[in-house]
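Asker: curious how this folds, go ahead:
(4 chains)
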There are 2 protein chains.
Amino acid sequence: MDIWGLSGEDIPEKERRILEAAIKIFSEKGYSASTTSEIAKSAGVAEGTIFRYFKTKKDILRGILIHAVNILSGRLVIDSLEKIMTRLEEKDLRTVLKQILVDRLKLADSLFPMVRVLLTEALYHEDVREALYQNIVVRALTIAEKFHREMVQKGMMRDDIDHVMLLRAIMANVAALVAQRKIFEGKIEVNDMGKEIDTMIDVLMYGIAKQTGEDKKG
Amino acid sequence: MDIWGLSGEDIPEKERRILEAAIKIFSEKGYSASTTSEIAKSAGVAEGTIFRYFKTKKDILRGILIHAVNILSGRLVIDSLEKIMTRLEEKDLRTVLKQILVDRLKLADSLFPMVRVLLTEALYHEDVREALYQNIVVRALTIAEKFHREMVQKGMMRDDIDHVMLLRAIMANVAALVAQRKIFEGKIEVNDMGKEIDTMIDVLMYGIAKQTGEDKKG
DNA sequence: CTTGATAATGAGTGATTACTCACTTATTAT
DNA sequence: ATAATAAGTGAGTAATCACTCATTATCAAG
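Answerer: I've put the predicted structure just below:
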């Protein structure tokens, strides 16, 4: 279990410990409300040690954000998404969507602390948004466009919506499900997660309006 | 133009000025990174005056959050939503959805600074989430259930999805559109907002899958 | 105008915080 | 074993911040 997504990389042991501790503390209290002494204690190092690896407190945050964007834009997100979407072969739309959803939900669970820090900073700082946009949104849009084109070609997806709408619709639903699970966990009762995802895909594919034809539930 | 939603209410002039300034500052830099002296300067009062109206800095935030929840759960959100949803009469689903969407988008625009503060706090504090849930989610779910029941009765909406899914699908799409406009404003080009909303409603109603029947675009 | 009460002020204060640096400990080379 | 270098430490510091309070301004009533 690599909760933080900081394994593998060639980061010095101590620096990694500090970053992991910082993600934990920042994610619990927010950046400004967190203190360097707290991070030091949590990382099991002296406060001075922190400043051997990071010039300032802001630098720790920068380190986390760069990492978060790398993880999110790297193999853990885009690559696996691309893999699912390009290895379409004979799979139908429902199967592909379910793969994407289950994949993304697992990811969102494991990366949640990091994403919370990233999300908060993105809410307040244009440069973070710009990095997010360039590294994730642009790439995701490219993949979505390709996916859409192939699915239209196979006659499985509408051709009268563009890929921006498509990506937004999918991501909005994933985000809503994650938000419901993470923000209002336990409050909105969910009987069965598998069934929940199936229903969501159904709504995503066929909408909320009453269908007159009998072409659903393929 | 009442950007903050603090008009009408019976709040002393000075207190309102302080709250408005605090919303502005908190929304720009986040609660912890904002200072009381900054708020005082922006409100045009002495720093000491703030503490005649609010015992602590946390109390200012509390005041804002209470206000935000009141506004969001009060006439500006739930009431207008209820009005649209209950005065269905002969309107079709598309018209109703469009009314809801346009309504909510205008609202999100005007209340954005307040919502940003609320959202950030909700990300980090369980009690804020609880207040949001009890005052907004529960009430919205009640309205959604009623709306769904009536729409099913009219044969305009699917009866095999529950109202939780319905509300989530609608809110997710609204949130995604707002997020795109506010967070990535200008980055993702949008040709025409009216057309954008129409397409979104279409996707919401009929989904992304290719339809075989010819019952769309009613 | 005088008086009493209330509202507003901003210099001052104790607490907290990010960051430094003189010193200690660990590691490596010879 | 010893020297040289690097890594780690934590008490100390200057700056900042939320909050206080003695003083001043504003206002109302007689």
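Asker: what is the burial count for the residue of chain A found nearest DNA strand D?
Answerer: Chain A approaches DNA strand D most closely through residue A:48 (1.9 Å), counting by CB to the nearest atom of the strand. In this view, the C-beta of every residue, glycine as well, is placed from N, C-alpha and C. For residue A:48, the neighbour count with other CB atoms under 10 Å in any protein chain shown is 9.
Asker: in stretch A:155-175, what's buried?
Answerer: A:156-158, A:161, A:163-175 (16 or more other CB atoms under 10 Å in any protein chain shown).
Asker: which helix or strand in chain A has the lowest average pLDDT?
Answerer: helix A:80-86 (a mean of 73; mean pLDDT, DSSP states H and E).
Asker: close to DNA strand C, is the next helix or strand after that one?
Answerer: For helix A:80-86, the following helix or strand on the C-terminal side (DSSP states H and E) is helix A:93-124. No. Using CB under 7 Å from any atom of the strand, helix A:93-124 stays clear of DNA strand C, coming no nearer than 14.8 Å.
Asker: which elements pack onto helix A:93-124?
Answerer: Counting contacts by 3 or more CB pairs under 8 Å, 6 or more residues apart in numbering or on different chains; DSSP states H and E, helix A:93-124 packs against helix A:13-29, helix A:57-73, helix A:80-86, helix A:126-132, helix A:163-183, helix A:193-206, helix B:93-124.
Asker: helix/strand/coil for residue A:55?
Answerer: Using DSSP: H, G, I helix; E, B strand; the rest coil, the structure places residue A:55 in coil.
Asker: from residue A:63, how far out is it?
Answerer: Residue A:55 sits 11 Å away from residue A:63, going by CB to CB, to the nearest Å.
Asker: more neighbours: those two, which one.
Answerer: Counting neighbours by other CB under 10 Å for residue A:55 and for residue A:63 shows that residue A:63 has the greater number, 19 against 10.
Asker: quick one, what contacts the more buried one?
Answerer: Neighbouring residues of residue A:63 by CB atoms under 8 Å, 6 or more residues apart in numbering or on different chains: A:19, A:22, A:54.
Asker: measure it to residue A:174 for me?
Answerer: Distance, residue A:63 to residue A:174, by CB to CB: 27 Å.
Asker: buried sites along stretch A:45-54?
Answerer: Those buried within stretch A:45-54 under the rule 16+ other CB under 10 Å are A:45, A:49, A:50, A:53, A:54.
Asker: which residue sits closest to the last one, ignoring its sequence neighbours?
Answerer: It stands for residue A:54. Of all residues not flanking residue A:54 in the chain, residue A:60 sits nearest, at 4.7 Å (CB to CB, 6 or more residues apart in numbering or on different chains).
Asker: and the residue nearest the centre of chain A, what does it touch?
Answerer: Nearest to the geometric centre of chain A sits residue A:108, at 5.0 Å (CA atoms, centre = their mean). Shown in contact with residue A:108 (CB under 8 Å, 6+ apart): A:115, A:174, A:178, A:182.
Asker: show the buried residues in these.
Answerer: Using 16+ other CB under 10 Å, the buried members of those are A:115, A:174, A:178.
Asker: a markdown table for the residues you listed, including pLDDT and distance to residue A:195?
Answerer: Shown next, in a markdown table, are those (pLDDT from 0 to 100; distance: CB to CB, whole Å):
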| residue | pLDDT | distance to residue A:195 |
| --- | --- | --- |
| A:115 | 94 | 26 |
| A:174 | 88 | 17 |
| A:178 | 86 | 17 |
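Asker: out of those residues, the closest to residue A:201 would be?
Answerer: Closest to residue A:201 out of these is residue A:174 (10.8 Å), distances taken as CB to CB.
Asker: distance check, that closest one against residue B:210.
Answerer: Distance from residue A:174 to residue B:210, counting by CB to CB: 22 Å.
Asker: also residue A:82?
Answerer: Separation of residue A:82 from residue B:210 (CB to CB): 23 Å.
Asker: now stretch A:62-80: how far from the chain's centre is it?
Answerer: Put simply, stretch A:62-80 sits 9 Å off its chain's centre (CA atoms, centre = their mean, to the nearest Å).
Asker: tell me if that stretch is near DNA strand C.
Answerer: No. Taking CB under 7 Å from any atom of the strand as the criterion, stretch A:62-80 and DNA strand C are apart, separated by no less than 11.3 Å.
Asker: which parts of that stretch are buried?
Answerer: So for stretch A:62-80, counting by 16+ other CB under 10 Å, buried means A:63-65, A:67-69, A:71-73, A:76-78, A:80.
Asker: report pLDDT for residue A:181.
Answerer: At residue A:181, the model reports a pLDDT of 85.
Asker: how many residues are close by it?
Answerer: For residue A:181, the count of nearby residues is 18 (other CB under 10 Å).
Asker: residue A:31: how many residues sit nearby?
Answerer: Residues near residue A:31, counting by other CB under 10 Å, number 21.
Asker: helix, strand or coil for it?
Answerer: Three-state assignment for residue A:31 (three-state DSSP): coil.
Asker: dump the residue contacts of the spatially closest residue to it that is not a sequence neighbour.
Answerer: Nearest residue to residue A:31, sequence neighbours excluded (CB to CB, 6+ apart): residue A:61, at 5.6 Å. Residues near residue A:61 by CB under 8 Å, 6+ apart: A:22, A:26, A:31, A:117, A:121.
Asker: just residue A:86 next, same as before
Answerer: The neighbourhood of residue A:86, defined by CB under 8 Å, 6+ apart, consists of residue A:146.
Asker: identify the residues contacting stretch A:177-188?
Answerer: Stretch A:177-188 is contacted by residues A:101, A:105, A:108-109, A:112, A:196-197, A:200, B:122-123, B:129, B:133, B:137, B:164, B:168 when judged by CB under 8 Å, 6+ apart.
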